[in-house]
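Novice: With the sequence up front, the predicted model follows.
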2 protein chains.
Amino acid sequence: MTPSAVESPAGLIITGCTVLTHDDQEGIGFAQDAAIVVRDGVVAEVTGAEAVAGRAADEWIDARGQVALPGLINCHTHAPMVALRGLAEDLPTDEWFNDVVWPVESNLTERDVELGARLACAEMIRGGVTCFADHYFAMDTVAAVVAECGMRALLGEAYFSSQGPRGRERSLEFALRHRGSADGRVTTALAPHAPYTVDDADLAATAELARAHGLPVHLHAAENRDQTETSLARHGVTPIEVLHRTGVLDTDVLIAHGTGIVESDLPLLERADGRTAVATAPRGYLKFAWPTTTPVRALRGIGVPVGLATDGAASNNSLDVWEAMALTSLIQKSTEDDPRWLTCRQALHHATLQSARAVGLGESVGSVAPGRRADIVLVDLTGPHTQPVHDLAATLVHSARSADVRTTVVDGRILMRDRELLTIDVPAVVRELGERLPALVDRSHGRRIQQYDT
Amino acid sequence: MTPSAVESPAGLIITGCTVLTHDDQEGIGFAQDAAIVVRDGVVAEVTGAEAVAGRAADEWIDARGQVALPGLINCHTHAPMVALRGLAEDLPTDEWFNDVVWPVESNLTERDVELGARLACAEMIRGGVTCFADHYFAMDTVAAVVAECGMRALLGEAYFSSQGPRGRERSLEFALRHRGSADGRVTTALAPHAPYTVDDADLAATAELARAHGLPVHLHAAENRDQTETSLARHGVTPIEVLHRTGVLDTDVLIAHGTGIVESDLPLLERADGRTAVATAPRGYLKFAWPTTTPVRALRGIGVPVGLATDGAASNNSLDVWEAMALTSLIQKSTEDDPRWLTCRQALHHATLQSARAVGLGESVGSVAPGRRADIVLVDLTGPHTQPVHDLAATLVHSARSADVRTTVVDGRILMRDRELLTIDVPAVVRELGERLPALVDRSHGRRIQQYDT
């Protein structure tokens, strides 16, 4: 026996499943009766089930009747805001911010953020989300929760210009302190809030820091059409033009929402020096009755990846990326007046490779393929609502639900197995968070962390 | 001991739950730590949990931590079409009908319809749907499935004028044969397909039969704006005007979709002699990129109830009324450009009393209240995606999912308990349906049951 024939046991073998694959042109396909071999957190092989018979592995999952997908990626959220889920309903954007969310956020403690992040991660793992791009406050606690629960995340400490230079500095310090932490599962970004709350000087300084330190920038911009119109009226430029002239578009930038992106912004985004991506979270746009949605078709036309997102649960009101995938498909068809646009396979492309690119992980996750990190979810399609299967892509996008995810794996580690969360104690989190809610939601002080007037 | 103090055991007692209630003005409220006592399929009491301690019941459910709601009602579907789920994707309406659905439906056998109906009922029971309004072919088999699985349904045998007078006659025969069957759980309607497939003479004859036999009419009308425009161009009247002039609006009529209802139709609907209702199924409108949705606000303004619906799973692609509730709220806010419209409580009113009225059961279901039939679902809100609860109405509409339904009760009988279906064998249905699919989806013959040209 030659040494090469003696293999150490794999970390994980998943077998008997159908695997969502990408071909050379990134077309979505499905390999049936397949097996996935994971070593050291990386996909080593995607092969036939018969090829792994008799092999050894530390963990072995018989996934017959299930579909293996790349883990979903929530490309823009504020995870700890699950604590405010359902607190500010049926309100326009300005009242939602000024009367509820920003007053309440003036009460936030690190412990609130920690518990919120833990509850959010539990929800995401249960919904098949393996990675999220988070933009919030007290992010050291979020980084600690990510380390502990096993997810992957792109984290950024949010700041406003109203905080003075210290806000920007803390965002940088956070990004440098945590970059590559949690065994490489945490990546970081600079996280100015938005062009309407961060002034041009701060944005320019942010862009410079991003270039100097090789960090991406994650921010809200052109969230809605009002913001674009107000920016034009006050400053004569659109929010995207602000990003251009302050140098932010020369960095690797992740823009949240962009429903206010207008035609004239497209050449700026197309010619941007940096890697530019947009995250779309359509549920909140409908709920706030914003007049437009993210111009996905136009962005795809200029090569900008559009990742799927939920935004925070205070607006959404969940972190259900599966729903975001379906809604993106539905709303894009409706908005573009074209039922042939944003097909099931296009939706799956957004959910996989485009979302991975949006969070700067286009080479390492987003596909179940040799060499990629083993971020994998197993979906059970035996329920009556997902039968029969005429077209697996349609079943996944339009019939399956987040609750159909049975098993969630990140970096080859099983975080949920057969619906059981292995790294988070939800009842304990809910109990303690519940005790803290009265203090958290108190608005009698009249403070708010910021004023929304676009 | 007086005889009145000796009570026979209740059929079912559910205790410890929070109960969704309606006040005198039909406002949505929640009674906490409550109990529901069911006798002979009817809600006998809604009381405090302590009041039922020590009582006897044939079935006893400890529902602590759960919310009891009136069972959801799917106000317009084609249940057996689950067999075609995912078969016709990313297509405009005319191609969907002419190239896939109507050719395939020319292959339908009674056994296909039966299996489809059984799978659909399984999906609905699992999603907390206790009643559905079905509009399809071979409805004797659907009635048999309803009888067997324990659901409640308003059933109608669909017909086109292309079938000659026999279609209409069979629709009547079916309605008379099955009215009140399944211990009263089956009610029936006459079911002409739509004004664009059923001519005025047939609609007028249908209206006369409906009046003569005291039957409601369930049909598609003004499904989309194209149909309204085509009707105006060809006949000089809108589809709703056709219903008016043929006498259909003098009957109790359930109109599916109505996204093509225009301003001038509203007075006709308001003055209609019969009980008029509309079913809205917004998912398909988005998917087909129809330019408008059901004008819910205008219909509410004239007192027309709007029930929630999924349409068939060949377009939707599920029978998820929970999703329909959320989507109706989101799309109405967006369409009306008003985030304050279609609040969480309004959505729950549509899901309960308005849906009950839409299917002609406004006095018997739609509320968990003494004297109403015991159609109840129990929802588990302990999952991380439904915590914390700041506002239970918001949690139910925007965070909960159909998979959170744990127990489904119709007429006091438990059809699903702790997610286990008690009346339908899903694997057996899926297996046999799978064997039949190649014959069902064969389109090589070139036939279709009808031609769509609005």
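Specialist: Yep, it's here.

Novice: before we move on, which element is residue A:269 in?
Specialist: Following DSSP states H and E, one finds residue A:269 within helix A:266-271.

Novice: Let me see the ranges of the strands in the stretch 1-150 of chain A.
Specialist: Ranges of strands in the stretch 1-150 of chain A, per DSSP state E, counting those that start in this stretch, are A:10-22, A:28-39, A:42-48, A:57-62, A:66-70, A:72-77, A:129-136.

Novice: Around chain B, which positions in the stretch 1-150 of chain A sit nearby?
Specialist: Neighbours of chain B within the stretch 1-150 of chain A, by Cβ under 8 Å from any Cβ of the partner chain: A:82-87, A:89-93, A:119-120, A:122-123, A:126-127. From N, CA and C alone the C-beta is placed, and that goes for glycine too.

Novice: Show me what from the stretch 201-350 of chain A comes close to chain B.
Specialist: Within the stretch 201-350 of chain A, the residues that sit near chain B (Cβ under 8 Å from any Cβ) are A:283, A:285-291, A:313, A:316-320, A:329-331, A:333-334, A:336-340, A:343-344.

Novice: how about low-confidence regions in chain A?
Specialist: Low-confidence segments of chain A (pLDDT under 70): A:1-7.

Novice: What residue spans form the domains of it?
Specialist: Here the domain assignment for chain A is A:10-70+A:372-421, A:72-359, based on the TED database.

Novice: which residues touch the spatially most central residue of chain A?
Specialist: Central residue of chain A (Cα atoms, centre = their mean): residue A:74, 1.8 Å from the mean position. Neighbouring residues of residue A:74 by Cβ atoms under 8 Å, 6 or more residues apart in numbering or on different chains: A:124, A:129, A:131, A:132, A:133, A:308, A:309, A:310, A:319, A:321, A:324.

Novice: of those residues, closest to chain B?
Specialist: residue A:319 (7.1 Å; Cβ to the nearest Cβ).

Novice: Export the helix holding residue A:269 to CSV, keeping only CA atoms.
Specialist: Taking C-alpha atoms only, helix A:266-271 is exported to CSV below (Å, rounded to 0.1, in the frame of the first residue of the first chain):
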residue,chain,number,x,y,z
LEU,A,266,-25.0,53.6,-13.3
PRO,A,267,-21.9,54.8,-15.2
LEU,A,268,-20.2,55.7,-11.9
LEU,A,269,-21.0,52.3,-10.5
GLU,A,270,-19.8,50.6,-13.6
ARG,A,271,-16.5,52.5,-13.8
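
Novice: thinking again about what came up before, so can I have a markdown table of the strands of the stretch 1-150 of chain A showing distance to residue A:448?
Specialist: Shown next, in a markdown table, are those (distance: least, Cβ to Cβ, whole Å):
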| stretch | distance to residue A:448 |
| --- | --- |
| strand A:10-22 | 44 |
| strand A:28-39 | 45 |
| strand A:42-48 | 46 |
| strand A:57-62 | 48 |
| strand A:66-70 | 39 |
| strand A:72-77 | 21 |
| strand A:129-136 | 16 |
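
Novice: And the ones you listed: which comes nearest residue A:100?
Specialist: Across those, the minimum distance to residue A:100, taken as Cβ to Cβ, is reached by strand A:129-136, at 16.5 Å.

Novice: partner strands of the closest one, parallel or antiparallel?
Specialist: strand A:72-77 (parallel), strand A:152-159 (parallel) (DSSP bridges).

Novice: quick one: which of those strands is nearest residue B:362?
Specialist: Residue B:362 lies closest to strand A:72-77 among those, at 41.4 Å (Cβ to Cβ).

Novice: and that closest one, how far out from the chain's middle?
Specialist: Relative to its chain's centre, strand A:72-77 lies at 1 Å (Cα atoms, centre = their mean, to the nearest Å).

Novice: who does the helix or strand containing residue A:234 touch, helix- and strand-wise?
Specialist: For residue A:234, the element it lies in under DSSP H and E is helix A:225-235. Helix A:225-235 sits against helix A:239-245, with contacts defined as 3 or more Cβ pairs under 8 Å, 6 or more residues apart in numbering or on different chains; DSSP states H and E.

Novice: that older thread, mind putting the contacts of residue A:74 into CSV with distance to residue B:109 and neighbour count?
Specialist: Shown next, in CSV, are the contacts of residue A:74 (distance: Cβ to Cβ, whole Å; neighbours: other Cβ atoms under 10 Å in any protein chain shown):
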residue, distance to residue B:109, neighbour count
A:124, 44, 33
A:129, 42, 31
A:131, 47, 29
A:132, 48, 30
A:133, 51, 30
A:308, 41, 29
A:309, 45, 32
A:310, 43, 33
A:319, 44, 33
A:321, 40, 30
A:324, 39, 31
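
Novice: Now compare these and name the two farthest from each other.
Specialist: Checking those with Cβ to Cβ, the most distant pair is A:131 and A:324, at 13.9 Å.

Novice: got the residue ranges for the helices in the stretch 51-200 of chain A?
Specialist: A:93-95, A:102-105, A:110-126, A:139-149, A:165-178, A:200-213 (DSSP state H, counting those that start in this stretch).

Novice: swap in the stretch 351-454 of chain A?
Specialist: A:355-358, A:392-394, A:426-441.

Novice: can you tell which of those is closest to chain B?
Specialist: helix A:392-394 (3.7 Å).

Novice: Okay, buried residues for the closest one please.
Specialist: A:392, A:393, A:394 (16 or more other Cβ atoms under 10 Å in any protein chain shown).

Novice: overlap between these and the residues near chain B?
Specialist: A:393, A:394.

Novice: of all the buried residues of helix A:392-394, which comes closest to residue B:100?
Specialist: residue A:394 (12.3 Å).

Novice: looking at it, that closest one is touching residue A:348, isn't it?
Specialist: No: Residue A:394 is not in contact with residue A:348 according to Cβ atoms under 8 Å; the separation is 10.1 Å.

Novice: what about residue A:140, how many residues close to it?
Specialist: 16 (other Cβ atoms under 10 Å in any protein chain shown).

Novice: Quick check: closest non-adjacent residue to it.
Specialist: Using Cβ to Cβ, 6 or more residues apart in numbering or on different chains and skipping the chain neighbours, the partner closest in space to residue A:140 is residue A:174 (6.8 Å).

Novice: now residue A:283
Specialist: Computed as Cβ to Cβ, 6+ apart, the closest residue to residue A:283 that is not its neighbour in sequence is residue A:316, at 5.1 Å.

Novice: For that neighbour, which three-state class applies?
Specialist: coil (DSSP: H, G, I helix; E, B strand; the rest coil).

Novice: Look up how far residue A:338 lies from it.
Specialist: Residue A:316 is 26 Å from residue A:338, where distance means Cβ to Cβ, to the nearest Å.

Novice: Likewise for residue A:406?
Specialist: With Cβ to Cβ as the criterion, residue A:406 and residue A:338 are 35 Å apart.

Novice: More neighbours: those two, which one.
Specialist: Legend: neighbour count by other Cβ under 10 Å for residue A:406 and residue A:338, higher for residue A:406 (19 against 14).

Novice: Quick check: bridge partners of the residue lying closest to that one once chain neighbours are set aside?
Specialist: Of all residues not flanking residue A:406 in the chain, residue A:380 sits nearest, at 4.8 Å (Cβ to Cβ, 6+ apart). Beta bridges link residue A:380 to residue A:66 when assigned by DSSP bridges.

Novice: so residue A:380 makes contact with residue A:404?
Specialist: Yes: under the criterion of Cβ under 8 Å, residue A:380 makes contact with residue A:404 at 5.4 Å.

Novice: Which one's more surrounded, the two?
Specialist: Using other Cβ under 10 Å as the criterion, residue A:380 and residue A:404 rank with residue A:404 on top: 25 against 18.

Novice: wait, what's in contact with the more buried one?
Specialist: So residue A:404 contacts A:379, A:380, A:381, A:383, A:386, B:403 (Cβ under 8 Å, 6+ apart).
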